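>>> sequence and predicted structure below; questions after.
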Amino acid sequence: MNAAVQTPEPTASATDFKDDRQVDLSLLVRGYEVVIGFETHSQLSTQSKIFSRASTAFGAEANTQACAVDLALPGTLPVMNKGAVERAIQFGLAINAKVAPRSIFARKNYFYPDLPKGYQISQFEIPVVQGGSVEFLLGDVKKSVRLVRAHLEEDAGKSLHEDFIGQSGIDLNRAGTPLLEIVTEPDMRSSAEAVAYAKELHKIVTWIGICDGNMQEGSFRCDANVSVRKPGAKFGTRREIKNLNSFKFMQQAIDYEVRWQIEQIEDGHTIEQATVLFNPDTGETRAMRTKEDAADYRYFPDPDLPPLVIADEWVARVRTEMTELPRVMATRFMTDYGLSEYDATQLTQSKATAGYFEEAAKASGQAKFASNWVTGELARRLNAQDLSITESPVSSAVLAKMLSRIADGTISNNAAKQAFDALWVGEGSDVDAVIESKGLKQMSDTGELEAIIDSVLASNAKSVEEYKAGNAKAFNALVGQAMKATKGKGNPAQVNELLKQKLG
């Protein structure tokens with residue numbers, strides 16, 4: 001549940017830490033540096049629980065998916081779920097971490113009503129995934145957050161307070177659900193950086209299919225460890241903000257916590273290590289309990305579970321079966337399609353977006369056009385209607401056909417947006433038919449264009465004189481008049497070329 005690696009106490013010597021990251025002065029808040037580490041619980045996408053055959057499906061009636069093992073009835077024994085292990089291996093490979101050839105499970109002892117055994121089976125001394133890093137862009141700046149570990153564990157049940165007057169209910173459906181807890185070094189220095197990290201981690205686990213990433217259902221839960229210090233000083237005392245279930249609330253909670261800690265220090269108070277909750281209605285954090293340290297949980301190896309042994313052959317097989325990773329795909333997009341790093345990164349934010357782009361790029365032969373439309377006009381419309389790209393009214397094949405018509409000069413960029421409007425609202429699904437019915441074809445008949453340009457030059461003698469006198473802006477005015485005369489249907493390249501020829 002909590003990180004095995006603890007932030008040092010305020011009385012520790014600064015030489016006890018390794019903190020070799022450079023201070024970014026732009027991230028200083030009122031003279032203090034923000035220090036953030038993350039613990040993220042990703043619910044693994046197995047059909048059954050980590051140590052039993054009970055279902056992990058969400059939304060079932062309370063206590064209908066908790067078997068004898070989950071309830072900790074006498075005589076029951078845990079059996080490791082191979083699928084959960086494979087998902088942990090996948091994650092380790094995705095972040096370039098070490099997959100431990102031998103790891104062990106421990107009992108983490110604490111007493112909550114929703115923990116039937118009185119302990120949680122987790123990993124402590126030797127986790128299955130060790131090290132690794134998560135890289136992402138914050139604006140145009142490439143960032144990297146180091147990971148300490150990722151370990152397998154079981155989830156607890158859930159206490160229900162709202163539906164019982166003066167009492168609490170216990171739902172053990174979630175007890176035993178497999179989790180991968182992912183723990184970072186305290187490498188982040190702002191709420192924006194923390195949110196960017198969390199989004200990238202969310203992308204990784206959903207991309208490789210080990211977690212559905214549903215934050216509202218609790219499949220991807222983030223805990224942020226936040227402290228402040230003067231630059232170069234030892235780490236401050238951290239407070240852990242629990243169960244942040246949206247990226248918006250994550251940023252709000254961290255920003256509030258940072259301000260609160262600085263104000264407390266400035267007023268002469270001492271920050272006490274604690275677990276806090278964020279209330280989105282008030283925008284404030286509040287202390288829930290004093291933060292425990294590892295010793296409080298009295299970890300010891302679980303005698304019912306043998307060591308988890310992962311052979312090199314198993315890791316090699318998982319590696320060959322894994323999907324192409326987003327960073328690898330982004331590099332390929334840069335190489336194969338000539339895209340910038342920024343565009344390639346934007347297109348690989350989700351597997352569905354990447355697939356849509358690649359289908360449109362291949363079908364049209366216009367990769368840059370496809371990139372611009374997918375990250376621009378298409379993304380804008382999807383966001384406005386809160387749609388995923390899989391719900392787009394315009395398919396990748398239809399977009400590709402439209403891009404081909406821009407490339408071959410049939411329609412202009414402006415006309416393409418009009419055609420896209422019609423396609424989006426269902427006024428047609430055939431690009432050529434929409435172009436024809438809307439009268440969007442560019443005028444490309446040279447004779448017709450020449451006649452229009454002759455007329456424009458005759459009626460704009462002053463602009464012609466100004467251009468010949470060296471005023472470049474006069475040429476743009478003539479182009480504008482010519483395009484107006486063609487009602488926007490003139491091919492801009494042809495218009496420019498014919499004007500230059502006639503003006504000498």
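Done, it's in. Keep in mind that what you see is a predicted model, and the values were worked out from it rather than measured.

>>> and Ala493, what helix or strand is that in?
Applying DSSP states H and E as the criterion places Ala493 in helix 492-503.

>>> residues contacting that helix, please?
409, 412, 444, 446, 449-450, 453-454, 457, 464, 467-468, 475, 478-479, 482-483, 486 (CB atoms under 8 Å, 6 or more residues apart in numbering). C-betas here are computed from N, CA, C, even on glycine.

>>> what's the following helix or strand after whichever helix in the chain runs longest?
Assignment by DSSP state H gives helix 247-266 as the longest helix of the chain. Sequence order places strand 274-279 as the next helix or strand after helix 247-266, per DSSP H and E.

>>> helices or strands up against that next one?
When contacts are defined as 3 or more CB pairs under 8 Å, 6 or more residues apart in numbering; DSSP states H and E, strand 274-279 packs onto strand 239-244, helix 247-266, strand 284-290.

>>> pairing partners for the shortest one, with directions?
Which is strand 239-244. Using DSSP bridges, the strands paired with strand 239-244 are strand 220-229 (antiparallel), strand 274-279 (parallel).

>>> picking that back up, in CSV: the helices and strands packed on strand 274-279, plus mean neighbour count.
Putting the helices and strands packed on strand 274-279 into CSV (neighbours: other CB atoms under 10 Å) gives the following:
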stretch, mean neighbour count
strand 239-244, 21
helix 247-266, 18
strand 284-290, 13
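
>>> mean pLDDT lowest for which of those?
Note on the helices and strands packed on strand 274-279: strand 284-290 shows the lowest mean pLDDT, a mean of 86.

>>> which secondary structure elements does that strand sit against?
If you count contacts as 3+ CB pairs under 8 Å, 6+ apart, strand 284-290 packs onto strand 239-244, helix 247-266, strand 274-279.

>>> next helix or strand past the host helix or strand of Ile406?
Under the criterion of DSSP H and E, Ile406 resides in helix 396-407. Going down the chain from helix 396-407, the next helix or strand is helix 413-424, by DSSP H and E.

>>> tell me which other helices or strands that next one touches.
Applying 3+ CB pairs under 8 Å, 6+ apart, one finds that helix 413-424 contacts helix 396-407, helix 431-438.

>>> which residues touch Asn372?
Contacts of Asn372 were listed using CB under 8 Å, 6+ apart, and none were found.

>>> quickly note the distance from the closest residue to Asp187 other than its chain neighbours to Ala407.
Excluding its sequence neighbours, the residue lying closest to Asp187 (CB to CB, 6 or more residues apart in numbering) is Val145, at 4.7 Å. From Val145 over to Ala407 the distance is 41 Å, taken as CB to CB, to the nearest Å.

>>> the more surrounded of the two?
Neighbour totals were compared for Val145 and Ala407, and Val145 leads with 25 against 13 (other CB atoms under 10 Å).

>>> what kind of secondary structure is that one in?
Under DSSP: H, G, I helix; E, B strand; the rest coil, the three-state class of Val145 is strand.

>>> ok, so what distance separates it from Glu465?
For Val145, the distance to Glu465 (CB to CB) stands at 63 Å.

>>> pLDDT below threshold where in the stretch 401-504 of the chain?
Low-confidence segments of the stretch 401-504 of the chain (pLDDT under 70): 444-446, 448, 488.

>>> and if you look at the chain?
1-28, 291-294, 444-446, 448, 488.

>>> coming back round to it: redo the helices and strands packed on strand 274-279 as TSV? Include distance to Glu313.
Below are those laid out as TSV (distance: least, CB to CB, whole Å):
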stretch	distance to Glu313
strand 239-244	38
helix 247-266	39
strand 284-290	45
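
>>> looking at those, which is closest to Ala433?
helix 247-266 (41.6 Å; CB to CB).

>>> residue closest to the middle of this protein?
Taking CA atoms, centre = their mean, the centroid of the chain lies closest to Lys199, which sits 2.8 Å from it.

>>> once you drop chain neighbours, what's closest to that residue?
Using CB to CB, 6+ apart, the closest residue to Lys199 is Phe247 (6.2 Å).

>>> ok now do that neighbour, which residues does it touch?
Going by CB under 8 Å, 6+ apart, Phe247 touches 195, 198-199.

>>> which stretch of helix or strand covers the residue nearest to the centre of the chain?
Residue-wise, Lys199 maps onto helix 191-207 under DSSP H and E.

>>> any idea of the angle that helix forms with helix 247-266?
Angle of helix 191-207 versus helix 247-266, following axes from the mean of the first three to the mean of the last three CA atoms, to 10 degrees, is 150 degrees.

>>> list the contacts of helix 191-207.
Contacts for helix 191-207 (CB under 8 Å, 6+ apart): 27, 34, 36, 38, 40, 42, 91, 94-95, 134-138, 143, 145, 180, 182, 184, 188, 211-213, 215, 220, 222, 224, 247, 250-251, 254-255, 258, 323, 325-326, 349-351.

>>> what are the C-alpha coordinates of that helix, in PDB please?
Presented in PDB, the C-alpha positions along helix 191-207 are these (Å, rounded to 0.1, in the frame of the first residue of the first chain):
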ATOM      1  CA  SER A 191       2.400  19.800 -10.000                       C
ATOM      2  CA  ALA A 192       2.600  20.100 -13.800                       C
ATOM      3  CA  GLU A 193       5.500  17.700 -14.000                       C
ATOM      4  CA  ALA A 194       3.700  15.300 -11.600                       C
ATOM      5  CA  VAL A 195       0.600  15.300 -13.800                       C
ATOM      6  CA  ALA A 196       2.600  14.800 -16.900                       C
ATOM      7  CA  TYR A 197       4.400  11.800 -15.300                       C
ATOM      8  CA  ALA A 198       1.100  10.300 -14.200                       C
ATOM      9  CA  LYS A 199      -0.400  10.700 -17.700                       C
ATOM     10  CA  GLU A 200       2.600   9.000 -19.300                       C
ATOM     11  CA  LEU A 201       2.400   6.200 -16.800                       C
ATOM     12  CA  HIS A 202      -1.300   5.800 -17.400                       C
ATOM     13  CA  LYS A 203      -0.600   5.700 -21.200                       C
ATOM     14  CA  ILE A 204       2.100   3.000 -20.700                       C
ATOM     15  CA  VAL A 205      -0.100   0.600 -18.600                       C
ATOM     16  CA  THR A 206      -3.100   1.000 -20.800                       C
ATOM     17  CA  TRP A 207      -1.100   0.800 -24.000                       C
END
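
>>> run a quick neighbour tally on Val318.
19.

>>> that one against Gln90, yeah?
Yes - the pair Val318 / Gln90 is scored as a contact, 5.9 Å apart, by CB atoms under 8 Å.

>>> now do the strand or helix carrying His151: which elements does it pack against?
Using DSSP H and E, His151 sits within strand 141-154. Counting contacts by 3+ CB pairs under 8 Å, 6+ apart, strand 141-154 packs against helix 82-94, strand 119-122, strand 129-130, strand 133-138, strand 178-184, helix 191-207.
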